[in-house]
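A.B. asks: Output the structure for:
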Amino acid sequence: MISQPSRDTSGPIFILCFARSGSTLLRVLLNAHPEIASPPETSVARVCETAERAWRQVTMGGAPGPLTPEALSEIRSAADRPMRAYARAHGKRVWCDKSLDNVWLAPLLSEVFPDGRFICLFRHCLDFVMSGLDASRWGFAAYGFEKYVQKSPGNTVHALVRYWCDHTEALLRYQQSNPTGAARIRYEDLARDTDGELRRVTGFLGVEDRPDLPRAAFSTHHDLGAGDHKLPFTDRVSDSSVGTGRRVPIHLIPSDLMDRMNDCLRQLDYPEVGPDWNALPSREGRRRSLSAPAGLAVLSQVLGGRVPVVHSCPHNERAIQDQILVTLEDGELTWLVDPRSGAVLTCDSTCLPPSRLLTDSATLKGIVAGELNIGGVLRTGALRAVGGVSRVAGAVLALRDLSSTGSYGEDAPNHDPGRAIATVAR
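C.D. replies: Alright, predicted model coming up:
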């Protein structure tokens, strides 16, 4: 949702964003452009806020109302001079600021910089939650999360979803109030179609389209400062984090907050979060049957080199009720396991039993090898199960027996799911 510029294109550029939204990636992509200089976070909007407060106090006695032209000119100068000096030092003609404060001070920035261009950057809520939790393993002091976590310390998912709703609603209000001067961009689009999305962004900004920006961004020096801690160690744009929010347990989100979140998601053309959210794969792709050679090779790796006997699915509706669909998201691979008989079945039509297990090959290999606890990976979301923990545990134990003996044990027909739980919990 990016319109062409309808104003002077020499004014500054502001990225309006929240933490863990991909803003540092966007910043370095723009900084690689020969016309744009984008330093690390400067909090230049806070400079405007402080100067505005001083001018309002000394000229208006602190009263509300429009600022005088003189005040606006001086506030602009205070913010613009260091940023323009930075741009000149790098041989660029315009500057771009990416600071987390910008989202809350966007109306003031519009008043001070009427020629400014604003890019509103969004990301799906639950992908943001996964990224926020991953970046906050040792505490929530960074990124502005702390005050949200303090209000619900027993439920950090609740805290981060509230953070996202507050920031996203503010971004939407501003973008909708300034349709020609503010462009909307989604992190997922930038990650999946970097060239196309940058073409739309440069068109909005009125700068030359440069197809080499993704390559140049990772071969150009960028000044380091506040921002994504991962980016200095990244050599390309990746969409690997898109869809990771499928792991966030949605039962931790209260219904009223779920409504707020879904209202924002609808406005941004994201998939809404419903009851089956945790049962769906992180990545929607064409699922490969286990019968393919590559599929058998993956299963052999999961089983520690063993190659199991694979049967054809009978497509019997009654029998399918007893089976478990196993999906490896990283390989887009599916097969069926019967936890009582130990049978591994391939199904070209992908029968859908009520019990399903979703994970990645490394996690399943760790569980089968006894290196990972099934309860632990269920809790982290590295494994998601539908249809009861005991049945899923039974399927894992069936694969574990295959990995140790090459065939299912003699007691397979009388296999006890309770024993499966005790076994995988060791």
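A.B. asks: element containing the most centrally placed residue in the chain, please.
C.D. replies: Centroid-nearest residue in the chain: residue 127, 3.1 Å away (criterion: Cα atoms, centre = their mean). Secondary structure assignment for residue 127, by DSSP states H and E: helix 125-134.
A.B. asks: which residues touch that helix?
C.D. replies: Under the contact criterion Cβ atoms under 8 Å, 6 or more residues apart in numbering, helix 125-134 has outside partners 18-21, 123, 143, 145, 156-157, 160-161, 163-165, 168, 187-188, 241-248, 250, 261, 264-265, 270, 273, 277. C-beta: built from backbone N, CA, C; applies to glycine.
A.B. asks: need the contact list for the residue nearest to residue 121 when sequence neighbours are not counted.
C.D. replies: In this structure, residue 121 finds its nearest non-sequential neighbour in residue 17, 4.2 Å apart by Cβ to Cβ, 6 or more residues apart in numbering. By Cβ under 8 Å, 6+ apart, the contact set of residue 17 is 23, 26, 98, 100, 102-103, 120-121, 171.
A.B. asks: Name only those of the residues you listed that count as buried.
C.D. replies: Among the contacts of residue 17, those classed as buried by 16 or more other Cβ atoms under 10 Å are 23, 26, 98, 100, 102-103, 120-121, 171.
A.B. asks: want to throw the residues you listed into JSON lines with distance to residue 114?
C.D. replies: Output for the buried ones among the contacts of residue 17, formatted as JSON lines (distance: Cβ to Cβ, whole Å):
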{"residue": "23", "distance to residue 114": "24"}
{"residue": "26", "distance to residue 114": "23"}
{"residue": "98", "distance to residue 114": "20"}
{"residue": "100", "distance to residue 114": "23"}
{"residue": "102", "distance to residue 114": "16"}
{"residue": "103", "distance to residue 114": "19"}
{"residue": "120", "distance to residue 114": "18"}
{"residue": "121", "distance to residue 114": "22"}
{"residue": "171", "distance to residue 114": "20"}
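A.B. asks: out of those, which are inside helices?
C.D. replies: 23, 26, 102-103, 171 (DSSP state H).
A.B. asks: ok, of those, which one's closest to residue 206?
C.D. replies: residue 26 (17.1 Å; Cβ to Cβ).
A.B. asks: Hmm, that closest one is touching residue 189, no?
C.D. replies: No. Under the criterion of Cβ atoms under 8 Å, residue 26 makes no contact with residue 189, lying 11.2 Å away.
A.B. asks: what's in contact with the helix or strand where residue 15 lies?
C.D. replies: Here residue 15 sits within strand 13-16, counting by DSSP H and E. Under the contact criterion Cβ under 8 Å, 6+ apart, strand 13-16 has outside partners 23, 26-27, 30, 36, 38, 45, 94-98, 102-103, 106, 109, 113, 116-121, 171, 174-175, 182, 205.
A.B. asks: average model confidence for that strand?
C.D. replies: Confidence over strand 13-16 (mean pLDDT, whole number) is 98.
A.B. asks: and if you look at stretch 303-310?
C.D. replies: 83.
A.B. asks: Look at it and report the distance between its end residues.
C.D. replies: Across stretch 303-310, the terminal residues are separated by 13 Å (Cα to Cα, to the nearest Å).
A.B. asks: That one: which residues count as buried?
C.D. replies: 303, 306, 308, 310.
A.B. asks: Tell me where the stretch 251-400 of the chain has strands.
C.D. replies: 288-289, 310-312, 324-328, 333-337, 344-346, 355-359, 384-386 (DSSP state E, counting those that start in this stretch).
A.B. asks: er, the stretch 1-150 of the chain actually
C.D. replies: Under DSSP E, counting those that start in this stretch, the stretch 1-150 of the chain gives strands at 13-16, 36-37, 94-98, 117-122.
A.B. asks: strand partners of the third one, parallel vs antiparallel please.
C.D. replies: Sheet partners assigned to strand 94-98 using DSSP bridges are listed as strand 13-16 (parallel), strand 36-37 (parallel).
A.B. asks: Run the angle between it and strand 117-122 for me.
C.D. replies: 30 degrees (axes from the mean of the first three to the mean of the last three Cα atoms, to 10 degrees).
A.B. asks: Dump strand 94-98 to PDB, keeping only the CA atoms.
C.D. replies: Below are the C-alpha coordinates for strand 94-98, written out as PDB (Å, rounded to 0.1, in the frame of the first residue of the first chain):
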ATOM      1  CA  VAL A  94      18.700  13.200   2.200                       C
ATOM      2  CA  TRP A  95      18.700  11.700   5.700                       C
ATOM      3  CA  CYS A  96      16.600   8.900   7.200                       C
ATOM      4  CA  ASP A  97      15.900   8.300  10.800                       C
ATOM      5  CA  LYS A  98      14.800   4.900  12.300                       C
END
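A.B. asks: which residues are contacting it?
C.D. replies: 9-15, 17, 23-24, 26-27, 30-31, 35-39, 41-42, 44-45, 83-84, 86-87, 207, 227.
A.B. asks: Please spell out the ChimeraX selection for the buried subset of the residues you listed.
C.D. replies: In ChimeraX, a selection of the buried entries from the contacts of strand 94-98 looks like this (16+ other Cβ under 10 Å):
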select :11,12,13,14,15,17,23,24,26,27,30,31,35,36,37,38,39,41,42,44,45,83,84,86,87,207,227
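A.B. asks: I'd like the strands paired with strand 94-98 written out as CSV, with distance to residue 136 added.
C.D. replies: As requested, the strands paired with strand 94-98 are exported to CSV (distance: least, Cβ to Cβ, whole Å):
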stretch, distance to residue 136
strand 13-16, 22
strand 36-37, 30
